[in-house]
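Undergrad: task: produce atomic coordinates for the following.
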Amino acid sequence: MSKKWIVGVDLGGTTTKLAFINLDGDILHKWEIPTDNSNEGQNITTNIANAIDQKLEELKEQKTNLIGIGMGAPGPIDYETGVVLNVVNLGWQDNFPLQESLHSLTGLPVAIENDANCAALGEMWNGAGKGASDLVCVTLGTGVGGGVIANGNIVRGINGAAGEIGHITSIPFGGAPCNCGKSGCLETIASATGIVRLAENELSMPESKGELTLIFAKNGKVTAKDVFDSARNGDELANKVLNEVTFHLGFALANIANTLNPEMIVLGGGVARAGDILLDSLKANFSKFTFSAARDSTNLSLATLGNDAGAIGAAWLIKNKLNL
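TA: Numbering: from 1, shown residues only. Model (predicted):
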């Protein structure tokens, strides 16, 4: 086993995932710690540094094994400086110097990137997109995130805000309000919360019937998983919701494909765990709206790394930064 390890860190609002990763992108050890966002988030980097030291001690390994730390963090990032421009759920003030803080605590080279971009890099390096240098990763979870990779490099834009696929306007007039302040964003439809909202709108109709209606009557609520499970069983109402979701998602991804012509579009996040019932419907809608040359050369697939994608992609940042 190579003793040159990279620390990959995926920083979340409630949990921080850490991993020791080799230069081939394989996870050797992984663990989690709670994210302490009290005191304006001042404990976050200290806890990460301590967690790394404690894990090394537990494994009886030396810190000299570590060649750097890559971290994915929510929100827009200034990649050159590692400053988090703004983030709502970690307690930090705007323009928090994350890279500088972690470097000063560990003495290791540090690279910081947006967490959705890290997930995309992870899938490119050692996941569903392995071997592809032009791909788009879309994470379908509580919200909708995205990362765009062109010629092996993340597309960040002038202010680090590129890849905000969830905030493509899917319904130009009206539509549900989004947390970003706009209305009609893709996130309000294709996220887990959006799927539940669409389902509950349908279930509120007096003529609703079928499996999903029975689940709602029994539990007083439904989940995105309930929608997919019921659709898989042929439930008419659930399939109506599924088709609306994949219509808007397929339309958005088709326009991305028409613009970028990626080799792959990779779907990750909790919603993507629905599998073929989602992917097959999405492919049908994607094909309707995609220019033929882009349609024929773009492969839609499910992510393979699951919750490890962010940490693996974060480790790639160091591999790339140090030209390893």
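Undergrad: which stretches of the stretch 151-300 of the chain form helices?
TA: When secondary structure is read from DSSP state H, counting those that start in this stretch, the stretch 151-300 of the chain shows helices at 187-190, 192-203, 211-219, 224-232, 236-260, 276-289, 292-297.
Undergrad: need those helices in JSON lines (columns: mean pLDDT, distance to residue 174 and mean neighbour count).
TA: Every residue, glycine included, has its C-beta placed from N, CA and C. Shown next, in JSON lines, are the helices of the stretch 151-300 of the chain (pLDDT from 0 to 100; distance: least, C-beta to C-beta, whole Å; neighbours: other C-beta atoms under 10 Å):
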{"stretch": "helix 187-190", "mean pLDDT": "96", "distance to residue 174": "11", "mean neighbour count": "28"}
{"stretch": "helix 192-203", "mean pLDDT": "96", "distance to residue 174": "13", "mean neighbour count": "20"}
{"stretch": "helix 211-219", "mean pLDDT": "95", "distance to residue 174": "25", "mean neighbour count": "16"}
{"stretch": "helix 224-232", "mean pLDDT": "97", "distance to residue 174": "22", "mean neighbour count": "21"}
{"stretch": "helix 236-260", "mean pLDDT": "97", "distance to residue 174": "13", "mean neighbour count": "21"}
{"stretch": "helix 276-289", "mean pLDDT": "97", "distance to residue 174": "21", "mean neighbour count": "17"}
{"stretch": "helix 292-297", "mean pLDDT": "95", "distance to residue 174": "29", "mean neighbour count": "13"}
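Undergrad: take those helices and lay them out in a markdown table including distance to residue 32.
TA: As requested, those are arranged in a markdown table below (distance: least, C-beta to C-beta, whole Å):
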| stretch | distance to residue 32 |
| --- | --- |
| helix 187-190 | 26 |
| helix 192-203 | 21 |
| helix 211-219 | 29 |
| helix 224-232 | 23 |
| helix 236-260 | 30 |
| helix 276-289 | 27 |
| helix 292-297 | 39 |
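Undergrad: which one of those lies closest to residue 153?
TA: helix 236-260 (12.9 Å; C-beta to C-beta).
Undergrad: and that closest one, how far out from the chain's middle?
TA: Relative to the chain's own centre, helix 236-260 is displaced by 18 Å; criterion: C-alpha atoms, centre = their mean, to the nearest Å.
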